[in-house]
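> Pasted the sequence and its predicted model underneath.
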Amino acid sequence: MANHLSIAAVTATLKDVLQGPAEDSVTGALVTALNPDEDGMPDRGVNIFLYQVEHNSSLRNEDLMTRSSNGGLLQKPKVALDLHYLFSFYGSGVTYEPQRLLGVTTRELHAKPFLERDRIRDTVADITELVESNLADELELVKFSPLPLNLEELSKLWSIFFQKTYNLSVAYSASVVIIETDDEVQSGKPVRERNIYTIPLQPPHIDSVAADAGPDVAITAGSDISITGRHLKGEQTVVKINGEELIPGQVLANKVVVTLPGDLLAGVNVVQIVHYLNMGTPALPHRGFESNAKAFMLQPRIVQGPGDIYQITVDNVTGSGPDPRDADISVNVEPLVIPRQKVFLELLQNSVVVFRFAAEERETDTSTLDTHVVGVDAGSYIVRLRIDDAESPVEIDTNPMSPTYLQAIEPAIVIP
């Protein structure tokens, strides 16, 4: 990058580049770099006037960010500029001197539309004020291109010069000049060790989630689930349940078994496989590949007490004879049910739901659900809970000799 003397160095070098060709074309021609309002304008020659400077649109944000969060300098601030020059030509119109000078100027800028590094060094070496310019060391060469100014734009440009008549002129753009500060950048810490890792791009993918005891077994809190899919085994495999990381008990390429926490809520839960990669010095686990998220339904479970008897009580039965009954039914359930969950108690006969009632509202987490049922016929029923659309499992009679073969038989209650 260049220092603050670069703009002046461009003008001085451009003046030096055109001096020889201008003098060869018109004897005694001088190349100057004056404001058209200044005294000393040549009788015959070329005047170079820097009339506008713009930020380069492509590089204007190249230096972001320059400082760290604590104010330390990360890189030197720099600004990229495009310089717009007006070339005016003076001389006798009888001998076509302005037009000859115009021709030689456009020829030179077209044949070699950039500033050579050696020419820049030679020019600034002879100018005391510019001797410290380092424009020649800039990565980008300064290049020239004509600006297509129409007559109206040229007229507006010349109108800013007080009582100056128009002279034959053309405009060129010099791009790009990158100027940076002289600030010292804090050097980064040296790299003591390099770690390079080659890892195949094989993220894990989950196809299905089921109870490890079998696909027909309900998934309940505290039970083992089997996650099947592809590329499940990694350097360090972790299972995430609703964002909580668990260490699996078994990890294979196509199967992972993990024990569910006992505090999961009934309803929809989400599982994901995460691979950690040991990297760095010393080697520490870093988050690597993640699988797709797979939802599974955690079913509530009506708790059994001593003697494998389901803990369901029926109290306050009202009504008699053929009239329907009202009653209070209390059910112990796992896992805990929180207040915001939707809970229904269903009564089944012959595996068909015949009554459904909403459980009473709860103010705290609870393992006991109370439901007031009305208009229920006396008889025997199978009890099932539905919590956030997750159904509690029921026992099916698998004895082919039984009259209730393939029907639900537990948990059962009797409403007298």
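Received the coordinates, thanks.
> just checking, residue 124 is part of a strand?
No: assessed with DSSP: H, G, I helix; E, B strand; the rest coil, residue 124 is helix; it does not lie in a strand.
> contacting residues for it?
By Cβ atoms under 8 Å, 6 or more residues apart in numbering, residue 124 lies in contact with 5, 9, 12-13, 130-131, 133, 135-136. Just so you know, the C-beta spots here come from the backbone N, C-alpha and C atoms, and that holds for glycine as well.
> Mind giving me the PyMOL select for those, buried ones only?
With 16 or more other Cβ atoms under 10 Å as the criterion, this PyMOL line picks the buried residues out of the contacts of residue 124:
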select buried, resi 5+9+12+13+130+133+135+136
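> Keep only those of the contacts of residue 124 that are in helices.
Using DSSP state H, the members of the contacts of residue 124 that fall in helices are 9, 12-13.
> Out of the residues you listed, which comes closest to residue 76?
Distance to residue 76 across those (Cβ to Cβ) is lowest for residue 9, with 18.6 Å.
> OK, contacts around the closest one?
2, 120, 123-124, 130, 133, 135.
> Could you identify the most distant pair in the contacts of residue 124?
So, the contacts of residue 124 by Cβ to Cβ: farthest apart are 13 and 131, at 13.3 Å.
> can you redo the contacts of residue 9 as CSV with distance to residue 323?
Below are these laid out as CSV (distance: Cβ to Cβ, whole Å):
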residue, distance to residue 323
2, 101
120, 110
123, 114
124, 112
130, 112
133, 108
135, 105
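> right, and the helix or strand after the worst-scoring helix or strand of the chain on mean pLDDT?
Ranking every helix and strand in the chain by mean pLDDT, DSSP states H and E puts helix 151-158 at the bottom, with a mean of 80. Sequence-wise, the next helix or strand downstream of helix 151-158 (DSSP states H and E) is strand 169-180.
> Mind listing what's buried along the next helix-or-strand element following that following strand?
For strand 169-180, the following helix or strand on the C-terminal side (DSSP H and E) is strand 205-211. Neighbour counts over strand 205-211 (16+ other Cβ under 10 Å) mark 206, 209, 211 as buried.
> related to what we said a few turns ago, columns distance to residue 381 and pLDDT on top of the contacts of residue 124, output as TSV?
Output for these, formatted as TSV (distance: Cβ to Cβ, whole Å; pLDDT from 0 to 100):
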residue	distance to residue 381	pLDDT
5	96	92
9	97	94
12	102	95
13	100	95
130	101	92
131	103	92
133	97	91
135	94	91
136	96	91
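> Turn the contacts of residue 124 into JSON lines, including distance to residue 218.
Converted to JSON lines, the contacts of residue 124 look like this (distance: Cβ to Cβ, whole Å):
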{"residue": "5", "distance to residue 218": "81"}
{"residue": "9", "distance to residue 218": "82"}
{"residue": "12", "distance to residue 218": "87"}
{"residue": "13", "distance to residue 218": "85"}
{"residue": "130", "distance to residue 218": "86"}
{"residue": "131", "distance to residue 218": "88"}
{"residue": "133", "distance to residue 218": "82"}
{"residue": "135", "distance to residue 218": "79"}
{"residue": "136", "distance to residue 218": "80"}
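> any idea which of the contacts of residue 124 is closest to residue 59?
Closest to residue 59 out of those is residue 135 (16.1 Å), distances taken as Cβ to Cβ.
> Look up how far residue 378 lies from the residue sitting furthest away from the middle of the chain.
Relative to the average C-alpha location in the chain, and by Cα atoms, centre = their mean, no residue lies farther out than residue 321, which sits at 70.0 Å. Per Cβ to Cβ, to the nearest Å, residue 321 is found 9 Å from residue 378.
> and what of residue 123?
Taken as Cβ to Cβ, the span from residue 123 to residue 378 is 112 Å.
> So the two - more neighbours on which side?
residue 123 (23 against 16; other Cβ atoms under 10 Å).
> Quick check: that one touching residue 10?
No: with contact defined as Cβ atoms under 8 Å, residue 123 and residue 10 do not form a contacting pair (9.9 Å).
> what helix or strand is the residue farthest from the centre of the chain on?
Element membership of residue 321 [criterion: DSSP H and E] is none; it lies in no helix or strand.
> And for the one 10 residues further on?
For residue 331, the enclosing helix or strand under DSSP H and E is strand 325-337.
> Buried residues in that strand, which are they?
Using 16+ other Cβ under 10 Å as the test for burial, strand 325-337 gives 325, 327, 329, 331-337.
> Quick check: the gap between residue 58 and residue 148.
For residue 58 relative to residue 148 (Cβ to Cβ), the value is 20 Å.
> circling back: I'd like the buried residues of strand 325-337 laid out as JSON lines, including pLDDT and distance to residue 248.
Below are the buried residues of strand 325-337 laid out as JSON lines (pLDDT from 0 to 100; distance: Cβ to Cβ, whole Å):
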{"residue": "325", "pLDDT": "89", "distance to residue 248": "49"}
{"residue": "327", "pLDDT": "92", "distance to residue 248": "45"}
{"residue": "329", "pLDDT": "93", "distance to residue 248": "39"}
{"residue": "331", "pLDDT": "93", "distance to residue 248": "33"}
{"residue": "332", "pLDDT": "92", "distance to residue 248": "31"}
{"residue": "333", "pLDDT": "92", "distance to residue 248": "27"}
{"residue": "334", "pLDDT": "90", "distance to residue 248": "23"}
{"residue": "335", "pLDDT": "91", "distance to residue 248": "21"}
{"residue": "336", "pLDDT": "92", "distance to residue 248": "25"}
{"residue": "337", "pLDDT": "93", "distance to residue 248": "28"}
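> Can you pick out the most distant pair from the residues you listed?
Pairwise distances among those were taken by Cβ to Cβ; the largest, 30.7 Å, belongs to 325 and 335.
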